[in-house]
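Peer 1: fold the following.
(one chain, ligands or ions: 1)
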Amino acid sequence: MSYIRISKEFHFEMAHVLDEYDGLCAYVHGHSYTLIVTVKGKPNTDKNSPKYGMVIDFNTLKSIIQKEIIELFDHSLIVNKNAEWLDKVENIKSFSRIIKLPFQPTSENLLLHFIDIITPHLPPEVTLVQVHLRETNSSYVEWLYEDNK
Ligand SMILES: [Zn+2]
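Peer 2: All right, here's what the predicted structure looks like:
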């Protein structure tokens, strides 16, 4: 039985700011992000299983990403928790949905963070092989299993 890749695509709005960055992303701004998560596995061969013929139920993959990533990060502001100005804005109500992470919230670092969150929730019969995070129409980052094994 061949391996098959299964992907699920998500869309969410998120703001970030790059502390001490030497360009426009040093200012708080948002993006309409697209996240595409791809896993690999072999289709279920158990004719008595409700998941017969599936690598993973699309709904299973959807609910993992929805619960662990989208519900948390959608309409949030992501900041580097080491930013010196952070204590000045923490009490402003508009910033109440703020997520402080121990790194610069670039697309690259957010992608790796999402992978760390997703991986333990995947069922053992599938392997995470590709994660794609699109920040704008012309800019995206990708992680591939084959680049990192
Ligand atoms: Zn940005």
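Peer 1: alpha carbons only for contacts and neighbour counts from here, please
Peer 2: Fine.
Peer 1: quick one: residues in contact with stretch 21-36.
Peer 2: Residues outside stretch 21-36 that contact it (CA atoms under 8 Å, 6 or more residues apart in numbering): 7-20, 131-136.
Peer 1: distance between the ends of it?
Peer 2: Start and end residues of stretch 21-36 are separated by 27 Å (CA to CA, to the nearest Å).
Peer 1: what residues sit buried inside that stretch?
Peer 2: Buried residues in stretch 21-36, counting neighbours by 16 or more other CA atoms under 10 Å, are found at G30, Y33, T34, L35, I36.
Peer 1: about what we covered before: sort out for me which of the contacts of stretch 21-36 are in strands.
Peer 2: Secondary structure from DSSP state E places 7-16, 131-136 of those in strands.
Peer 1: report the central residue of this protein.
Peer 2: Note on the chain: the residue nearest the mean C-alpha position is F114, at 4.0 Å, using CA atoms, centre = their mean.
Peer 1: do you know how far that residue is from S63?
Peer 2: The spacing between F114 and S63, counted by CA to CA, is 15 Å.
Peer 1: still on that earlier bit, hmm, which of the contacts of stretch 21-36 are the buried ones?
Peer 2: Buried subset of the contacts of stretch 21-36 (neighbour count, 16+ other CA under 10 Å): 7, 12-19, 131-135.
Peer 1: list the ones among the buried residues of stretch 21-36 that fall in strands.
Peer 2: Judged by DSSP E, strands contain the following of the buried residues of stretch 21-36: G30, Y33, T34, L35, I36.
Peer 1: so what's the fourth one bridging to?
Peer 2: On the basis of DSSP bridges, L35 takes part in beta bridges with F10, L133.
Peer 1: now do the helices in this structure.
Peer 2: 58-65, 71-73, 86-89, 107-118, 145-148 (DSSP state H).
Peer 1: of those, which is nearest K42?
Peer 2: Closest approach to K42 among the helices of the chain (CA to CA): helix 58-65, 14.0 Å.
Peer 1: elements contacting that closest one?
Peer 2: strand 4-16 (3 or more CA pairs under 8 Å, 6 or more residues apart in numbering; DSSP states H and E).
Peer 1: where in this protein is the helix or strand with the lowest mean pLDDT?
Peer 2: Ranked by mean pLDDT, DSSP states H and E, the weakest helix or strand in the chain is helix 86-89, scoring a mean of 76.
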